[in-house]
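A.B. asks: compute the structure for the input listed below.
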Amino acid sequence: MKTLASALLCLALAAPAHAAAIAQLKQFVSSTKTLSASFSQTVSSKGKQETASGIMELQRPGKLRWAYSKPFEQLIVGDGNTLWIYDKELAQITKRKQAGALGSSPAALLAGSNAIERDYLLREMGKQGDVEWLAASPKKADNTFESIKMGFSNNQLVEMELGDSFGNQTRIRFSDIKKNPALPAANFSFTPPKGVDLVSE
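C.D. replies: Just a heads-up that it's a prediction; the model follows:
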């Protein structure tokens, strides 16, 4: 599960009927204040695959929640200042400063401000089926991700493909997408349970 968590940390016009991906990304970001979706995630590395699934929520700017339910329970919560990673199986919590932990990662792009072009170089990749794809290249050389691809349909983010500097390839598919739902503030706060090891980084 550490690989899955790192993949997340280290992860939307004047347009025709089917807008290009960059236009859809800008529309998605500018019009989305909150978002919830189910996700399935596959990490491929050296011929092996790890799969996981769960529910993600975000409240822009700066708040996010990724709750993994399979194969193991893991919770990642960003409250805008602190990023909490709770591995229930290991009974361990990792606490980090959110800005430093997310940097210009895909999670920061989704939950951050609207300054997409400030942090990324965007390039159209064309249409595959019903999905328009773009490549987002981080401008900072120290970014963990070497490649970020985002797929959009009807101004909604439906897929992401991430390649990191360790050779891992991560594919995330979103479903049951709800745009701008009312989300409880408690979903973006975290209180460490008693008896759980806390590691600060």
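A.B. asks: quick one: the strands in the chain?
C.D. replies: 34-45, 48-59, 63-70, 74-79, 82-87, 92-97, 120-128, 131-138, 145-153, 156-164, 169-179, 197-200 (DSSP state E).
A.B. asks: which other residues reach the second one?
C.D. replies: With Cβ atoms under 8 Å, 6 or more residues apart in numbering as the test, strand 48-59 has contacts from 1, 3-4, 33-43, 64-72, 110-111, 174, 183, 187-188. All C-beta atoms are positioned from the backbone trio N, CA, C, and that covers glycine.
A.B. asks: try it again with 7 Å
C.D. replies: Where contact means Cβ atoms under 7 Å, 6 or more residues apart in numbering, the residues beyond strand 48-59 that reach it are 3-4, 34-43, 64-71, 110-111, 183, 187-188.
A.B. asks: buried among those residues? Make that a PyMOL selection.
C.D. replies: Selecting only the buried entries of those in PyMOL, with 16 or more other Cβ atoms under 10 Å as the criterion:
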select buried, resi 3+4+34+35+36+37+39+41+42+43+64+65+66+67+68+110+111+183+187+188
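A.B. asks: so how far does stretch 77-90 reach from one end to the other?
C.D. replies: Counting by Cα to Cα, to the nearest Å, you get 17 Å between the two ends of stretch 77-90.
A.B. asks: now do stretch 59-77
C.D. replies: Stretch 59-77 has an end-to-end distance of 11 Å (Cα to Cα).
A.B. asks: now do stretch 176-191
C.D. replies: End-to-end for stretch 176-191, by Cα to Cα: 28 Å.
A.B. asks: check stretch 133-151 too.
C.D. replies: Rule used - Cα to Cα; the end-to-end distance of stretch 133-151 is 4 Å.
A.B. asks: quick one: mean pLDDT over that stretch.
C.D. replies: In this model, stretch 133-151 carries a mean pLDDT of 80.
A.B. asks: now that stretch, how far from the chain's geometric center?
C.D. replies: From the chain centre to the centre of stretch 133-151 is a distance of 12 Å (Cα atoms, centre = their mean, to the nearest Å).
A.B. asks: could you measure from Ser189 over to Ile76?
C.D. replies: Distance, Ser189 to Ile76, using Cβ to Cβ, to the nearest Å: 13 Å.
A.B. asks: what about those two, which has more around it?
C.D. replies: For the pair Ser189 and Ile76, the greater number of neighbours falls to Ile76 (24 against 14), based on other Cβ atoms under 10 Å.
A.B. asks: residue ranges with poor pLDDT in this structure?
C.D. replies: For the chain, the stretches flagged by pLDDT under 70 are 1-18, 100-109, 112-116, 141-144.
A.B. asks: from Ile76, how far off is the residue lying closest to Phe188 once chain neighbours are set aside?
C.D. replies: Leaving aside its chain neighbours, Phe188 sits nearest to Lys63 (4.1 Å; criterion: Cβ to Cβ, 6 or more residues apart in numbering). Separation of Lys63 from Ile76 (Cβ to Cβ): 12 Å.
A.B. asks: do Asp130 as well
C.D. replies: Distance, Asp130 to Ile76, using Cβ to Cβ: 29 Å.
A.B. asks: before we move on, what about Leu58?
C.D. replies: 11 Å.
A.B. asks: I'm done for today, thanks for sticking with me.
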